[in-house]
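Participant: could you look at this predicted model? Sequence included:
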Amino acid sequence: MAELTLVIGNKSFSSWSLRPWLALKQIGLPFREVLVLLRRPQTKAEILRYSPSGKVPYLTDGSLGVWDSLAILEYLNELKPEAGLWPSDRGARAVARAGSAEMHSGFPALRQHLSMDLKRKPARGEWPSEATADIERVRAIWTECRQRFGSAGPFLFGGFTAADAMYAPVVTRFHRYGVSLDRELEAYRDAVLALAAMREWIDAAQKES
Ligand SMILES: N[C@@H](CCC(=O)N[C@@H](CS)C(=O)NCC(=O)O)C(=O)O
């Protein structure tokens, strides 16, 4: 297999980059990481050196380039199906894909008002009612997944899946902005935050200038 390269943005706030990076670490596929600093005048040109979409994350596997976080997760699942990035049960898999797709295309108020900021000290934030509605919806998805499919482990579908990678940035938002969770969801949040790969990402984020 050719060397995998993942182009990402700043670890402190590039939530889309965290998703495939975390999945790669969790399934144990070696990869080279290229970090492009975002929000600078030269950012677009730098990303375009790698990714024709002008966005990160971007995965290369030899001459193949895959843009978009969710497509990268699908590709990783195909590279290493035995890692179980999608649940093996068909119903669970359908729900994992639906929840991941909803994360990928939705929650604009959550993104805007509780943006991922790993340098923020955990403290109760304030947000408008549209963001509260998004938070409620995330809580409902997590609760359904945990209750129906999560009995075999601490993650949404028991073992770690692509759905956990998709929601990992939300876990950090809920933590940093002091979003209250019931005991079950608190345990889920803490299980994600305790992953060695999450700690590695967060440590690196906090060292970014
Ligand atoms: N739908 C894309 C969104 C990717 C995206 O918006 N990435 C942001 C960084 S988190 C980006 O590259 N922005 C370009 C810029 O800041 O110039 C995905 O899922 O990968």
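Facilitator: Thanks, I have it.
Participant: buried residues, stretch 156-172. List them.
Facilitator: 156-172 (16 or more other C-beta atoms under 10 Å). No exception for glycine: its C-beta is placed from N, CA and C like everyone else's.
Participant: swap in stretch 85-100?
Facilitator: Under the neighbour-count criterion of 16+ other C-beta under 10 Å, stretch 85-100 has 85-87, 92-93, 95-97, 99-100 buried.
Participant: could you do stretch 69-83 as well?
Facilitator: Quick answer for stretch 69-83 (16+ other C-beta under 10 Å): 69-70, 72-77, 79, 83.
Participant: contacts with the ligand among these, please.
Facilitator: Applying C-beta under 6 Å from any ligand atom to the buried residues of stretch 69-83, one finds that 69-70 fall near the ligand.
Participant: now the buried residues of stretch 69-83 as a markdown table including secondary structure?
Facilitator: Below are the buried residues of stretch 69-83 laid out as a markdown table (DSSP: H, G, I helix; E, B strand; the rest coil):
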| residue | secondary structure |
| --- | --- |
| Ser69 | helix |
| Leu70 | helix |
| Ile72 | helix |
| Leu73 | helix |
| Glu74 | helix |
| Tyr75 | helix |
| Leu76 | helix |
| Asn77 | helix |
| Leu79 | helix |
| Ala83 | helix |
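Participant: and of the buried residues of stretch 69-83, the nearest to the ligand?
Facilitator: Ser69 (3.5 Å; C-beta to the nearest ligand atom).
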